[in-house]
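# I need the structure of the sequence given here:
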Amino acid sequence: MAYSINRRPLLAGVSDSEFEDDLTEVDDPSIVIRDEKPLFKPHEPSDKYNMAIIIFYFLGMNTLIPWGFFVTADDYWMFKFRDIHVNNTGRHNYTHTENLERRNDLQASFTSYLSVASAIPNTLFLVVNTFISKKLSLRTRMVGSQTIVLALFILTTALVRVNTDEWQDLFFIITLSTVAAINASCAIFGGSFMGIAGRIGSGYITAMMGGQALGGIFTALAEIGSLWIGASPVLSGLVYFIIGDVMLFLSLVAYVILERGVFFKYHMLDRPGSESLIESDRLNHAGYNSQNTEYSGHRPDVISYSRIFMKTWHYGLSNALTFLITISIYPAITVLVDSQDKGKGYAWNDVYFVPVVGYLLFSVGDLCGRISAGILEWPKNRPWLVIFLSSVRILFIPAILFCNAQPRHHLPVYITEDIYYITILMGFAFTNGYLCNVVLILAPLVVNHEEIEVASSMMGAFLGFGLTIGSVVSLFMVKIL
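Residues are numbered from 1 along each chain as shown. Next up, the predicted model:
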């Protein structure tokens with residue numbers, strides 16, 4: 001004998017036809033079926049005083065600040081890897097160095113080496129994060145990764161005051177190893193953070209991505225400030241990295257505050273009726289009701305990585321193309337572009353042009369693009385158009401290569417005017433910011449709610465692939481100049 005069970009909430013309005021749709025035929029009345037629909041719709045807490053979105057901006061800054069501080073500390077690295085003169089006694093002269101404006105091969109290629117050392121572990125651990133997101137607790141991933149980054153950054157700060165002239169090669173290896181470990185940890189942090197933002201909504205995705213651009217602005221301003229005070233490369237580098245240490249520590253504190261808030265806890269619930277992502281997923285996967293130890297008969301949704309991939313690969317490919325094209329030129333080539341009036345004795349042309357144009361203005365254009373993507377969210381439901389727009393950006397590569405990047409041995413310089421270079425760079429930055437944000441906004445819209453975190457992590461993995469390939473290409477770009 002079959003029984004009809006009404007699965008509709010008690011207080012909802014009904015019509016005859018609607019009521020019939022809510023009846024479930026059960027052959028055995030001894031089977032217990034849990035009612036998945038709540039009696040009352042839970043109240044969604046608000047982001048009081050916009051604290052969560054402010055913290056998202058701040059945490060977004062700190063996903064890129066470690067890499068940004070390494071890249072923009074150009075004068076410090078040029079000093080560390082300068083050619084050392086030898087005096088008549090055969091001993092190194094530590095007080096007199098060559099003119100830092102003439103870069104040796106290591107100095108010219110160092111930014112590209114940084115990109116490779118950053119991108120490869122970043123990509124690997126973005127992929128790893130995709131698969132461990134449902135196995136390792138969110139708190140462990142977020143707090144653990146930030147703690148490792150902070151410890152390694154403190155090590156980098158301590159080495160600033162160490163005289164490394166006699167062991168530059170070892171210092172080079174230590175630096176790249178530190179960069180690799182930092183970026184592996186940042187990948188876990190950034191990938192997990194993308195998953196959090198994807199679950200809360202597009203406004204918080206934009207806050208995270210906008211925060212990354214703000215991180216670029218912050219590091220550029222810190223570099224400009226260290227140059228402005230007129231300190232030596234060592235002293236300015238020390239102040240610079242100490243600022244980074246403070247920012248990373250505040251980031252860790254900010255996340256702990258965010259995690260304890262009601263707004264965060266609400267959005268981290270695997271609704272309906274499952275455990276928080278912060279806690280273990282053991283009960284959910286075992287099929288137990290957290291309020292009743294009796295087996296509920298409910299079969300939890302199984303996350304299918306292949307299904308999520310098929311839904312989102314268009315956006316992932318676009319993300320990879322965007323960052324491949326960007327990192328192949330920025331900052332490896334842009335850091336080499338000199339002002340047309342360099343060498344004429346003007347501080348703007350000789351000292352501030354690269355940090356202001358190459359870093360600060362790029363980050364401003366990147367931020368404008370990310371904010372615009374959060375407002376427009378275009379083009380929806382047209383993933384092939386997003387891929388096309390990402391591909392067209394390849395035209396920026398020859399345009400910037402033909403600007404006044406030095407030293408060069410093969411390609412001619414066709415674009416000498418500073419204003420033309422600045423215009424090209426701003427367009428390059430704006431399109432990067434727009435496209436990288438819009439794919440992160442659109443990808444979660446094509447998957448189910450329980451798949452959002454994995455989908456967002458996959459976007460991070462695609463991003464990492466683009467960074468890795470682009471960083472290798474950047475080495476080639478420097479050589480063909």
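# mind checking the SS state of the residue nearest to F58 when sequence neighbours are not counted?
Closest residue to F58 apart from its sequence neighbours, by Cβ to Cβ, 6 or more residues apart in numbering: A254 at 5.3 Å. The way it works is simple: take the backbone N, C-alpha and C, and place the C-beta from them, glycine included. The three-state label given to A254 by DSSP: H, G, I helix; E, B strand; the rest coil is helix.
# need the contact list for A254.
55, 58-59 (Cβ atoms under 8 Å, 6 or more residues apart in numbering).
# in CSV, list those residues along with neighbour count.
Converted to CSV, the contacts of A254 look like this (neighbours: other Cβ atoms under 10 Å):
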residue, neighbour count
I55, 23
F58, 20
L59, 26
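# tell me the one among those residues nearest to S471.
Taking Cβ to Cβ as the measure, S471 lies nearest L59 of these, at 24.2 Å.
# in what helix or strand does that closest one lie?
helix 51-72 (DSSP states H and E).
# packing partners of that helix?
Here helix 51-72 touches helix 105-132, helix 138-159, helix 168-200, helix 202-228, helix 233-259, going by 3 or more Cβ pairs under 8 Å, 6 or more residues apart in numbering; DSSP states H and E.
# out of those, the one nearest T416 is which?
helix 105-132 (20.1 Å).
# buried residues in the closest one, which are they?
106-130, 132 (16 or more other Cβ atoms under 10 Å).
# over to stretch 152-167?
So, applying 16+ other Cβ under 10 Å, buried residues of stretch 152-167: 152-153, 156-157, 160, 164.
# that one - what's its average pLDDT?
Averaged across stretch 152-167, pLDDT comes to 91.
# and the end-to-end length of that stretch?
End-to-end distance for stretch 152-167, by Cα to Cα, to the nearest Å: 20 Å.
# who touches it?
In contact with stretch 152-167 (Cβ under 8 Å, 6+ apart) are residues 66, 69-70, 76, 80, 84, 92, 94, 170-171, 174-175, 178, 181-182, 185, 234, 237-238, 241-242, 244-245, 248.
# starting at the chain centroid, how far to it?
Centre-to-centre, stretch 152-167 and its host chain are 26 Å apart (Cα atoms, centre = their mean, to the nearest Å).
# just for the stretch 101-250 of the chain, where's the confidence low?
Low-confidence segments of the stretch 101-250 of the chain, defined by pLDDT under 70, span residues 101-102.
# cool, the stretch 251-400 of the chain as well?
For the stretch 251-400 of the chain, the ranges with pLDDT under 70 are 270-302.
# try it again at 90.
Applying pLDDT under 90 to the stretch 251-400 of the chain picks out residues 261-263, 265-306, 331-332, 335, 342-347, 349-351, 355, 359, 374, 377-382.
# according to the record, where do the domains of this structure fall?
Domain segmentation of the chain under automatic domain parsing yields 1-31, 49-85+100-268+301-480.
# next, the buried residues of stretch 445-462.
445-447, 450-462.
# again but with stretch 344-360, I slipped
349-360.
# and for stretch 404-418?
Under the neighbour-count rule (16+ other Cβ under 10 Å), stretch 404-418 has 404-405, 415, 418 buried.
# cool, and stretch 371-386?
371-374, 383, 386.
# out of the residues you listed, which is nearest to I229?
I371 (31.3 Å).
# residue contacts, the closest one?
Neighbours of I371 in contact, by Cβ under 8 Å, 6+ apart: 206, 210, 433.
# cutoff 10 Å now
206-207, 209-210, 213, 433-434, 437 (Cβ atoms under 10 Å, 6 or more residues apart in numbering).
# kindly report the same for I424.
Here I424 is in contact with 395-396, 399-400, 402-403, 415 (Cβ under 10 Å, 6+ apart).
# hang on, the earlier thing: out of the domains of the chain, deepest packed?
domain 49-85+100-268+301-480 (a mean of 20; mean count of other Cβ atoms under 10 Å).
# may I have the distance across that one, first residue to last?
Across domain 49-85+100-268+301-480, first to last residue, Cα to Cα, it's 52 Å.
# next secondary structure after the helix or strand harbouring R370?
Under the criterion of DSSP H and E, R370 resides in helix 362-376. Counting by DSSP H and E, the next helix or strand C-terminal to helix 362-376 is helix 383-392.
# who are the packing partners of that following helix?
When contacts are defined as 3 or more Cβ pairs under 10 Å, 6 or more residues apart in numbering; DSSP states H and E, helix 383-392 packs onto helix 305-329, helix 418-442.
# for N448, give its distance to S456.
13 Å (Cβ to Cβ, to the nearest Å).
# do the same with I329
27 Å.
# ditto for Y421
Taking Cβ to Cβ, one finds Y421 at 35 Å from S456.
# M459 against K311, yeah?
No: with contact defined as Cβ atoms under 10 Å, M459 does not count as touching K311 (11.7 Å).
# residues shared between the contacts of those two?
A443.
# what mean pLDDT does stretch 84-96 get?
Mean predicted lDDT for stretch 84-96 stands at 44.
# name the SS class of P331, please.
coil.
# give me every residue that touches it.
68, 71-72, 74, 111-112, 114-115, 354, 358-359, 362, 474.
# now T206, nearest residue through space, not along the chain?
G374 (3.1 Å).
# which SS class is L411?
From three-state DSSP, the assignment for L411 is coil.
# ditto for I303
Note that with three-state DSSP, the state of I303 is coil.
# how far away is it from S457?
Distance from I303 to S457, by Cβ to Cβ: 11 Å.
# need the overlap of contacts for these two.
Joint contacts of I303 and S457 (Cβ under 10 Å, 6+ apart) are 133-134.
# surely M268 touches R199?
Yes: M268 is in contact with R199 according to Cβ under 10 Å; the separation is 6.9 Å.
# please look at L114 and N122 and confirm they touch.
No: counting by Cβ under 10 Å, L114 does not reach N122; the two are 11.8 Å apart.
# shared neighbours of those two, anything?
67, 179, 183, 471.
# run through the residues that contact the last one.
Right, S471. 112-120, 122-123, 323-324, 327-328, 332 are the contacts of S471 under Cβ under 10 Å, 6+ apart.
# what's the closest of those residues to K479?
Of those, the one sitting nearest to K479 (Cβ to Cβ) turns out to be S112, at 9.1 Å.
# from P331, how far off is that closest one?
On the measure of Cβ to Cβ, S112 and P331 end up 9 Å apart.
# what residues do the two have in common as contacts?
In contact with both S112 and P331: S474, using Cβ under 10 Å, 6+ apart.
# identify the residues contacting I188.
122, 125-126, 128-129, 132-133, 136, 140-142, 144-146, 148-149, 460.
# I meant to write P407 there.
Counted by Cβ under 10 Å, 6+ apart, P407 has contacts 102-105, 108, 336, 338, 478, 481.
# mind checking pLDDT for it?
Value for P407, per-residue pLDDT: 81.
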